[in-house]
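no sequence on this one, just coordinates:
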Ligand SMILES: O=C(CO)[C@@H](O)[C@H](O)COP(=O)(O)O
Ligand SMILES: [Fe+2]
């Protein structure tokens, strides 16, 4: 199954509500929200107030990707704001296991994100605890970058780890996802696909999402 999560980072912020409406109408399954602190990544974007505003506007599942240092400081804020899925980078928190439990204590799905240079083995001792894994297929911080092909090997390694754990959880991929790279990720074992520029740079959002879904 191919589920698409448009990344709102590529949307027109002045018209965020109508941008959300347009992708929902076009078949988006989940909305992806990128949070950046200017430290973990060299860019600043979207706080919990944006998540609250979106929560009031839509009943779609909100997938919040925290690209911030020591994300445990803001887990409660984003959960209370209305996140349904909340992911933290392995590289950003010292006590990853504790941070995962903290997210789950708010009845929110907990995800762990791996930067391109981070090995799949970083998940070894938390794989039974996470609700999904997010494999970055670009270096985080910006939309519109090119897919890093080597990440296909990592998606396969994460898939093997999940299979060995005996659970079925999503592998989400994020960065440079388009109609060419999505099938490669799918074949490698990804099930949830974030796409920013491949959707919001197109006038016809339905065509863009259908193209990604292979319809
Ligand atoms: O987390 C990030 C970037 O750090 C992503 O969610 C991007 O926003 C994806 O944009 P495209 O690569 O699809 O344009
Ligand atoms: Fe993201």
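Yes, it's here. Model, not experiment: these values are computed from the prediction. Numbers count the residues shown, from 1 in each chain. Ligands and ions are numbered 1, 2, ... in the order given.

can you list contacts of the lengthiest helix in the chain?
In the chain, with assignment by DSSP state H, the single longest helix is helix 151-165. Helix 151-165 is contacted from outside by 114, 116, 119-121, 123-124, 127-128, 133, 135-137, 168-169, 171, 173, 184-185, 188-190, using C-beta atoms under 8 Å, 6 or more residues apart in numbering. From N, CA and C alone the C-beta is placed, and that goes for glycine too.

Give me the next element, helix or strand, following it.
Counting by DSSP states H and E, the next helix or strand C-terminal to helix 151-165 is strand 170-174.

quick one: strands adjacent to that next one?
Strand pairing for strand 170-174, using DSSP bridges, gives strand 132-136 (parallel), strand 192-195 (parallel).

at contact distance from ligand 2, anything in the first one?
No. Residues of strand 132-136 are not located near ligand 2 by C-beta under 5 Å from the ion, the shortest gap being 7.6 Å.

let's have the chain start at 28 instead
Taking 28 as the first residue, the last one we looked at is strand 159-163.

Compute the distance between the residue nearest the centre of the chain and residue 138, please.
Centroid check for the chain by C-alpha atoms, centre = their mean gives residue 92 as the closest residue, at 5.3 Å. Distance, residue 92 to residue 138, using C-beta to C-beta, to the nearest Å: 8 Å.

and what of residue 199?
From residue 199 to residue 138 the distance is 7 Å (C-beta to C-beta).

Need the overlap of contacts for the two.
114, 159-161.

Kindly reformat those residues as JSON lines containing pLDDT.
Below are these laid out as JSON lines (pLDDT from 0 to 100):
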{"residue": "114", "pLDDT": "99"}
{"residue": "159", "pLDDT": "98"}
{"residue": "160", "pLDDT": "98"}
{"residue": "161", "pLDDT": "99"}
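
so which two of these are the farthest from each other?
114 and 160 (8.7 Å; C-beta to C-beta).

what is in contact with the two at once?
138-140, 199.

Redo those residues as JSON lines? Include distance to ligand 2.
Listed next are the shared contacts of residue 114 and residue 160 as JSON lines, based on distance: C-beta to the ion, whole Å:
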{"residue": "138", "distance to ligand 2": "11"}
{"residue": "139", "distance to ligand 2": "13"}
{"residue": "140", "distance to ligand 2": "8"}
{"residue": "199", "distance to ligand 2": "9"}
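
Tally up the residues packed near the residue in the chain positioned nearest to ligand 1, please.
Of all residues in the chain, the one sitting closest to ligand 1 is residue 223 (2.9 Å; C-beta to the nearest ligand atom). The tally of other residues near residue 223 (other C-beta atoms under 10 Å) stands at 24.
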